[in-house]
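This is a predicted model, with the sequence first.
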Amino acid sequence: MKPNELKNLILSLTQDIVFSYKGKYACINPWNDKKIEVGYGDDVKVYDNIDDVMNDKFYQGKSLIEIAESIVSD
């Protein structure tokens, strides 16, 4: 999926997003637009804005913007 599509899906607040990337499971839990919890493998982070969610190099040194098109949705 395109990075902007992923961003819009997160901001829709309609569902948790679960996927795998490089053999590890990941999830994005958007509670609201000011609390977005993400997990990747054993690591968990909470963000207070979508730009940090999309730009943080949390996924083995890559950001969601960089990996969006290679995400395998579960």
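Yep, that arrived. Keep in mind the model is a prediction, meaning the values are calculated, not measured.

Only the buried residues of the top strand by length along the chain, if you could.
When the chain is parsed with DSSP state E, its longest strand is strand 24-32. Residues of strand 24-32 classed as buried by neighbour count (16 or more other CB atoms under 10 Å): Ala26, Ile28, Asn29, Pro30. Any C-beta I mention is one placed from the backbone N, CA and C, and that applies to glycine too.

Quick check: of those, which lies closest to Leu11?
Pro30 (7.1 Å; CB to CB).

who touches that closest one in this structure?
By CB atoms under 8 Å, 6 or more residues apart in numbering, the contact set of Pro30 is Ile10, Leu11, Ser12, Leu13, Asp16, Ile17, Ile36.

How about the residue nearest the centre of the chain: which residues does it bridge to?
Computing the C-alpha centroid of the chain and ranking residues by CA atoms, centre = their mean puts Ile28 first, at 4.8 Å. As for beta bridges, Ile28 partners with Ile17, Val38 under DSSP bridges.

can you pull out the strands in the chain?
Applying DSSP E to the chain gives strands spanning 17-21, 24-32, 35-40, 43-47, 72-73.

Count the neighbours of Lys35 for me.
Neighbour count for Lys35, taken as other CB atoms under 10 Å: 12.

oh, and call the first residue 13 from now on, that's how I've got it
In the new numbering, first residue 13, that becomes Lys47.

so it makes contact with Lys57?
No. Judged on CB atoms under 8 Å, Lys47 makes no contact with Lys57 at a distance of 11.4 Å.

re earlier: could you flag which of the contacts of Pro42 are buried?
Among the contacts of Pro42, those buried by neighbour count (16+ other CB under 10 Å) are Ile22, Ile29, Ile48.

any chance of these in CSV, plus pLDDT and distance to Ile62?
As requested, the buried ones among the contacts of Pro42 are exported to CSV (pLDDT from 0 to 100; distance: CB to CB, whole Å):
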residue, pLDDT, distance to Ile62
Ile22, 94, 6
Ile29, 94, 13
Ile48, 98, 7
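
from those, which single one is nearest Ile77?
Nearest to Ile77 among those: Ile22, at 12.1 Å, using CB to CB.

ok, for that closest one, nearest residue in space, not its chain neighbours?
Pro42 (5.1 Å; CB to CB, 6 or more residues apart in numbering).
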